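J.: Fold the stuff below for me.
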Amino acid sequence: MNTNSTINNLAKQYDPDRLQRKRIKNMVFTNLNMEVPEPKQNLFDLIIMKNKFIFGTLTIAAVGIFIGLPFIASNSYRMTDLESTISSESYDVGIPATSSVQKNVLSPVMDTIAEVFERNSENEDTETPEQNRAKDKDGEISLKIDDVNQTVDDIYELTSNVGGYVVNSDSSKYNNGGRGYMIIRVPSDKFDFTIKELRAMATEVLSENINIVDIQNEITANENNLTELRKDLDAKLAELEQTTDESRKAQLDIEITRLKNQIEIYEAEANELSERASFTTISITLDEDSEEVITDDSLTEALKDAWAKTQTILLFWAKAGIWIGLVLPAVALPIVVIIVARKILKRK
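T.: The predicted structure follows:
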């Protein structure tokens, strides 16, 4: 065992602090007329033990905890509250909770859905060529433009020229900038042309998304179903005219009413499919390039937001102070007793 290790072990037996150990080592080496070894410089010696660093780190950590903990706690509370609310919601739709009853009620619904899918698969249209197939198109395009008001007027004119119409238009002009949002409907055969014209209006196309869905199978299945239902209806009406049995007449009246209701549903679906195939929807976002200007309203909102966050922090620590004041004495008592007992035993 070398001298340095021996001195370290002896120093540890007397349990001095770090500074005292250093002094003991220096005095011993000096009395022995030996050169005091240079201490190894490590990160702990160079940084962590610096009082200024420790104070600064603890200060930053304390400020971070003081500001951040209330928001973490409040967000955790909100998420827990939301989860409990969702889990506690029953979403009662009038179906009893008994599984057997649910099965009896939902069975006809599931059978109807399966029947619809089966009919559509049986009526898959493989004969209509690609260029003639009905398709549902919709597009989203975001444009950077020079003047939002002028561009809105140009889009109105373009929509009218192609035989379409504007569903929604919302635009605003402020300072040197502006924003706009429009939804237009144009004929399907004018969709590509309209998109091309919209691109030409922009100084830059920020984003573009086009969705195309083939709905020819749905249209063919709907037409076939309508044909079958109308045949059934004609047959029931013919039978109703010929029969003299009153009970059969009553049964036929019920079946005829059911068939008419089904035909109305399929006719409404046919109109919707025809509309989807004939017209396309384009959503347009307009962004007039401008420098952001801080207004009095934005400053007011910033102050309100800052004050709301300050209230959240103060309210949290007020509640925490009340909680600590009530609970801490009971928790701290056994800890204090243990510390005092250790001190007494150490002195003895």
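J.: drop to CA atoms for contacts and neighbour counts, all remaining ones
T.: Noted.
J.: which residues in the protein form helices?
T.: For the chain, the helices defined by DSSP state H occupy 3-13, 18-31, 43, 51-88, 99-122, 148-161, 191-201, 216-242, 246-278, 296-347.
J.: burial of residue 261, as a residue count?
T.: Counted with other CA atoms under 10 Å, residues neighbouring residue 261 total 12.
J.: what's the pLDDT at it?
T.: Note on residue 261: pLDDT of 91.
J.: Check the one 3 residues further on too.
T.: For residue 264, the pLDDT comes out at 90.
J.: Counting neighbours, what do you get for it?
T.: Residue 264 sits with 12 neighbouring residues when counted by other CA under 10 Å.
J.: same check, this time on residue 271
T.: 12.
J.: ok, residue 162 touching residue 190?
T.: Yes: with contact defined as CA atoms under 8 Å, residue 162 counts as touching residue 190 (6.5 Å).
J.: domain parsing for the chain?
T.: Each domain of the chain is listed here as a residue range: 3-39, 132-216+281-288, 226-276, 302-348, per automatic domain parsing.
J.: Out of those, which one sits most buried?
T.: A comparison of the domains of the chain by mean neighbour count, using mean count of other CA atoms under 10 Å, puts domain 132-216+281-288 on top with a mean of 16.
J.: gap between the two ends of it?
T.: Domain 132-216+281-288 has an end-to-end distance of 39 Å (CA to CA, to the nearest Å).
J.: pLDDT on it, on average?
T.: Averaging pLDDT along domain 132-216+281-288 yields 90.
J.: Same question for stretch 62-74.
T.: The average pLDDT within stretch 62-74 is 68.
J.: quick one: low-confidence parts of the stretch 1-150 of the chain?
T.: Within the stretch 1-150 of the chain, the stretches with pLDDT under 70 are 1-56, 58, 66, 69-71, 73-123, 125.
J.: low pLDDT regions in the stretch 201-348 of the chain?
T.: Applying pLDDT under 70 to the stretch 201-348 of the chain picks out residues 290-298, 327-328, 331, 348.
J.: Recalculate using a threshold of 90.
T.: Scanning the stretch 201-348 of the chain for pLDDT under 90 picks out 203-204, 212-225, 236, 239-249, 252, 266, 269-270, 272-279, 288-348.
J.: how near is residue 218 to residue 134?
T.: Applying CA to CA, the value for residue 218 to residue 134 is 9 Å.
J.: cool, and residue 346?
T.: Where residue 134 is concerned, residue 346 sits at a distance of 92 Å (CA to CA).
J.: and what of residue 251?
T.: 40 Å.
J.: try residue 231
T.: Distance of residue 231 to residue 134, given as CA to CA: 26 Å.
J.: what does residue 248 give?
T.: Applying CA to CA, the value for residue 248 to residue 134 is 43 Å.
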